[in-house]
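> Give the three-dimensional model of this entry:
(chains A and B)
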Number of protein chains: 2
Amino acid sequence: MKAPYIVIISTGSEITAGRSVDTNAGWMANQLFELGWKVKKIIGLPDDPDLILSELQTLKKLAETKPVLVLMTGGLGPTEDDYTLETVLKLNGKKSYSVEKAKIRLVSVYESRGKQYSDILPTVLRQTHVPEDCKTLDNTVGIAVGFVEPMGTNSYLVCMPGVPTEMKEMFRRRLVPELKRIYPRENLVQRTKWLWNIGESLYQKDFVETHREELFQNVEWGVTANRGYIKCIFQSTDANQLDTIVQRLETQYPNIISDDVFDFVHEHLLSEKLTIAVGESCTGGLLGKKLTDTAGSSSYFLGGFLTYSNKMKESLLGVSSETLQQFGAVSKETAEAMAKGIFEKTNADYCISITGIAGPDGGTELKPVGTVWIGLKTPDGSIQTHSYLFPGNREGIRENASNTALFLLNQSLKQRNV
Amino acid sequence: MKAPYIVIISTGSEITAGRSVDTNAGWMANQLFELGWKVKKIIGLPDDPDLILSELQTLKKLAETKPVLVLMTGGLGPTEDDYTLETVLKLNGKKSYSVEKAKIRLVSVYESRGKQYSDILPTVLRQTHVPEDCKTLDNTVGIAVGFVEPMGTNSYLVCMPGVPTEMKEMFRRRLVPELKRIYPRENLVQRTKWLWNIGESLYQKDFVETHREELFQNVEWGVTANRGYIKCIFQSTDANQLDTIVQRLETQYPNIISDDVFDFVHEHLLSEKLTIAVGESCTGGLLGKKLTDTAGSSSYFLGGFLTYSNKMKESLLGVSSETLQQFGAVSKETAEAMAKGIFEKTNADYCISITGIAGPDGGTELKPVGTVWIGLKTPDGSIQTHSYLFPGNREGIRENASNTALFLLNQSLKQRNV
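I've put the predicted structure just below:
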């Protein structure tokens, strides 16, 4: 069957006032993408029944021309600004009823808190209501029942709670099987690769355009730009075709290609029982933060030094004042001396040093803002140094520098396993 | 003038495919809220010129009935799926031209990388183009020029890059003055205060509901939840009324109220010529990162120690193995010893130590996940210690811990100035 025209609606004045970021819509879009479906539109609306009704009426009208699937979250709670049920009833001229199973669940929650049925406020009880003749979606995490409401030929309006944990469980366990039944599709496969220090447009011109005829006939591709790298995503029903693309990508970009370096570094340091320590100047702790984002990092991350001032580079890492004076704090020699100092203080298998100019001040003609030196002491005792000129503002340069340090670590770990 | 009907559009297939979360829309909505404007609708669209054009046509039609302000981000980049300019030209039947200033900037970026004008791809050059007869918005961070395009009486379509750093700079520096000129408002005054370790709903019940009649007659209020604190925002044309509210807030919450601690700490460390150093365990560098987010932090931030392992706590900060064994790494005694060690190694006026259990593993009955001890050595030589049980996941606990450390520093700096 033809894929439906999919619209996601997130309701909540906290979203349109920018007080909270809507993560539900993106999460659902991603789940749908992996099922092989594309979302045509994501809408955020305030808790305003008129605006919500008007939007749904527009979509119901659209459903007269093609299959439309609307996924709406929020507005099913117990407060006075929860309007979803009443709006849907108005849209389709229906009445509601209380779902027995949900009511029993609600009562048992109250009883477990030492309260009775009569203590339940009408607005709380309303959460067990759904429109007549709809398909209900059980809520196994919270109280509010979700539902799939017909909205024309092959068109449906799905209403789910806005609480992410409730919505996600409902989506995965209840909604996906229902959607697969309503809209049967083929199975899509996906591959993702990262390319470092290359722009989206250059990649598109040199790889996608060049191989479009040969490789991309039945393949969807996408690319997202990140600090220091781009993510290249490929989707198809033909897994072999995707493998061919990935092989070609590896041949064309042997030195700048990687998988997810955060995962790769974590897994390899763990499995090879290697340790790591860092010394950071311009990144001020960001590399250490990234290395410890993942639980379990205490198995390999020993610690590090934030040597922001020259004095600290000397006293904590033993960088000589001659090196600092002769070559400067942002130099190959200082990066090397820092990496050496980290090793002497920690004995870690890998020691990474970062020193650079994050700006906006401090740049010179020879060393403009964005100049960064990274030192990497590897388990064989040698120290590599790499220099970069990163684009962007202070935040961008710091993100670039710490991500690129992880890429260098990634490459060294990869080489051990060749 | 009546406030316009505001719609925010974020374009990008990475958004509707859920590969990246749209943070631009929420950020802009929040900025607009602070200017006294409410957003009626947030829309996310894929990089599909037909869908974008159709949406803009609908909004242009709406602009025939009332002032409409559309803020659109994305689609101004150099790749083939960047359609914003061509769509806007089609919408209004216009031609484009290359903005000289932007072209010069682009060329100088290329020259700094040793390339020439002839190396610039046409798609890259396209980023300097805008529609005829629009108001341009300079991009001081990247290349793509933004613009404000008329769309009917008192109605405008604003197009900005999707790269957050570029958009934010453009929004604050270029767009806001323009919007204030186009839609003059009564002078709204705003006050923002931060409250620490208190929930939104409790604040709303205990402060807003209690004083609604008396204090909030002509005042708009909002609250945003952050890691460790909530931001309480008040808006009115009556500055005196706002001062009364703030005084009341300070009386009711004397110990947990602050201004923006990031600003306050930065300004006071600078102006009082005080220095700071840190020692981080569970936050792994996040506190150092936050302290160095702001340019100029090198004047006060000396450096720090990432003592993730017990061994590093001993070797780098001189925490005794007895202390670690008897009280544990997450304890008052260890936090105190770490702060002492930081001072001995750096001589900084303020020394902050953080040690805690960020989880998801490592919690016990007595010290559950979220337990964090913070030590603060102040300029008088004394060391305070504070313990917390922070909610949330690993990321949340680490954010909470480092933000709260800044709050403690804020309170100590505030006390010096009483």
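> quick one: buried residues of the biggest helix by length in chain A?
In chain A, with assignment by DSSP state H, the single longest helix is helix A:394-416. Neighbour-count burial for helix A:394-416, counted by 16 or more other Cβ atoms under 10 Å in any protein chain shown, picks out A:394, A:396-413. In short, each C-beta sits where N, CA and C put it, glycine included.
> what helices or strands is that helix leaning on?
The contact analysis (3 or more Cβ pairs under 8 Å, 6 or more residues apart in numbering or on different chains; DSSP states H and E) places helix A:394-416 against strand A:257-258, helix A:261-271, helix A:286-291, strand A:350-356, strand A:371-377, strand A:383-389.
> do the least confident helix or strand in chain A by mean pLDDT and chain B meet?
Ranked by mean pLDDT, DSSP states H and E, the weakest helix or strand in chain A is strand A:220-225, scoring a mean of 80. Yes: judged by Cβ under 8 Å from any Cβ of the partner chain, strand A:220-225 and chain B are in contact via A:222-225.
> residue contacts, residue A:381?
Residue A:381 makes contact with no residue under the criterion Cβ atoms under 8 Å, 6 or more residues apart in numbering or on different chains.
> change it to 10 Å
A:343, A:349 (Cβ atoms under 10 Å, 6 or more residues apart in numbering or on different chains).
> Which pLDDT value goes with it?
Residue A:381 is assigned 96 on the pLDDT scale.
> That one in helix, strand or coil?
In three-state terms, and counting by DSSP: H, G, I helix; E, B strand; the rest coil, residue A:381 is coil.
> next one: residue A:149
strand.
> I figured it was touching residue A:160, is that so?
No: using Cβ atoms under 10 Å, residue A:149 is not in contact with residue A:160, being 11.6 Å away.
> before we move on, back to that, rebuild the helices and strands packed on helix A:394-416 as JSON lines, extending it with distance to residue B:14 and mean neighbour count.
Converted to JSON lines, the helices and strands packed on helix A:394-416 look like this (distance: least, Cβ to Cβ, whole Å; neighbours: other Cβ atoms under 10 Å in any protein chain shown):
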{"stretch": "strand A:257-258", "distance to residue B:14": "19", "mean neighbour count": "19"}
{"stretch": "helix A:261-271", "distance to residue B:14": "19", "mean neighbour count": "18"}
{"stretch": "helix A:286-291", "distance to residue B:14": "22", "mean neighbour count": "28"}
{"stretch": "strand A:350-356", "distance to residue B:14": "28", "mean neighbour count": "28"}
{"stretch": "strand A:371-377", "distance to residue B:14": "27", "mean neighbour count": "25"}
{"stretch": "strand A:383-389", "distance to residue B:14": "25", "mean neighbour count": "16"}
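> how about those, which one is nearest chain B?
Evaluated over the helices and strands packed on helix A:394-416, closeness to chain B peaks at helix A:286-291, with 2.9 Å, by Cβ to the nearest Cβ.
> so, in contact with chain B or not, the closest one?
Yes: using Cβ under 10 Å from any Cβ of the partner chain, helix A:286-291 comes into contact with chain B via A:286-291.
> And chain A, split by domain according to the record?
A:5-182, A:189-258, A:261-416 (automatic domain parsing).
> can those go into TSV with extra columns for distance to residue B:107?
Output for the domains of chain A, formatted as TSV (distance: least, Cβ to Cβ, whole Å):
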stretch	distance to residue B:107
domain A:5-182	37
domain A:189-258	17
domain A:261-416	16
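> Would you mind finding the most buried of those domains?
Mean neighbour count (mean count of other Cβ atoms under 10 Å in any protein chain shown) peaks for domain A:261-416 among these, with a mean of 21.
> Spell out which parts of the stretch 301-418 of chain A neighbour chain B.
Checking the stretch 301-418 of chain A against chain B by Cβ under 10 Å from any Cβ, the hits are A:301-313, A:315-317, A:345-348, A:358-362, A:368, A:370, A:389, A:391-396, A:398-399, A:402.
> The same query, at a cut-off of 8 Å, please.
Within the stretch 301-418 of chain A, the positions adjacent to chain B are A:301-309, A:311-312, A:315-316, A:345-346, A:358-361, A:368, A:389, A:392-396, A:398 by Cβ under 8 Å from any Cβ.
> Of those, which belong to helices?
Going by DSSP H, the helices hold A:311-312, A:315-316, A:345-346, A:394-396, A:398 from those.
> Pick out whichever of those residues sits closest to chain B.
Using Cβ to the nearest Cβ, residue A:312 comes nearest to chain B of those, at 3.7 Å.
> wait, what's in contact with the closest one?
A:305-306, B:302-303, B:346.
> I'd like the residues of helix A:286-291 next to chain B as a markdown table, with pLDDT appended.
Shown next, in a markdown table, are the residues of helix A:286-291 next to chain B (pLDDT from 0 to 100):
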| residue | pLDDT |
| --- | --- |
| A:286 | 98 |
| A:287 | 98 |
| A:288 | 98 |
| A:289 | 97 |
| A:290 | 97 |
| A:291 | 97 |
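> of all those, which two lie farthest apart?
Across the residues of helix A:286-291 next to chain B, the longest distance by Cβ to Cβ is 9.7 Å; it joins A:286 and A:291.
> joint contacts of those two?
By the contact definition Cβ under 8 Å, 6+ apart, residue A:286 and residue A:291 are jointly contacted by residue B:285.
> What are the boundaries of the helices in the stretch 1-150 of chain A?
A:13-16, A:24-34, A:49-62, A:84-92, A:100-112, A:122-125 (DSSP state H, counting those that start in this stretch).
> Any idea which of these gets closest to chain B?
Of all those, the one in closest proximity to chain B, counting by Cβ to the nearest Cβ, is helix A:24-34 (2.7 Å).
> and the angle from that closest one to strand A:220-225?
If you take axes from the mean of the first three to the mean of the last three Cα atoms, to 10 degrees, helix A:24-34 sits at 140 degrees to strand A:220-225.
> can you dump the C-alpha coordinates of helix A:24-34 into PDB?
C-alpha atoms of helix A:24-34 as PDB (Å, rounded to 0.1, in the frame of the first residue of the first chain):
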ATOM      1  CA  ASN A  24       8.500  13.400  21.200                       C
ATOM      2  CA  ALA A  25       8.100  14.500  17.500                       C
ATOM      3  CA  GLY A  26      11.700  13.800  16.600                       C
ATOM      4  CA  TRP A  27      11.700  10.500  18.400                       C
ATOM      5  CA  MET A  28       8.600   9.300  16.600                       C
ATOM      6  CA  ALA A  29       9.900  10.600  13.200                       C
ATOM      7  CA  ASN A  30      13.000   8.600  13.700                       C
ATOM      8  CA  GLN A  31      11.100   5.400  14.600                       C
ATOM      9  CA  LEU A  32       8.900   6.000  11.500                       C
ATOM     10  CA  PHE A  33      12.000   6.600   9.300                       C
ATOM     11  CA  GLU A  34      13.400   3.300  10.400                       C
END
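> what's it packed up against?
Packing partners of helix A:24-34 (3+ Cβ pairs under 8 Å, 6+ apart): strand A:5-11, strand A:39-45, strand A:68-73, helix A:164-170, helix B:13-16.
> Quick one: mean pLDDT over the following helix or strand past the fourth one.
Next helix or strand after helix A:164-170 toward the C-terminus (DSSP states H and E): helix A:176-182. When the per-residue pLDDT values of helix A:176-182 are averaged, the result is 92.
> Work out for me the element residue A:213 sits within.
Residue A:213 belongs to helix A:210-215 when elements are defined using DSSP H and E.
> who are the neighbours in contact with residue A:107?
A:117, A:120.
> how about 7 Å then?
Going by Cβ atoms under 7 Å, 6 or more residues apart in numbering or on different chains, residue A:107 touches residue A:117.
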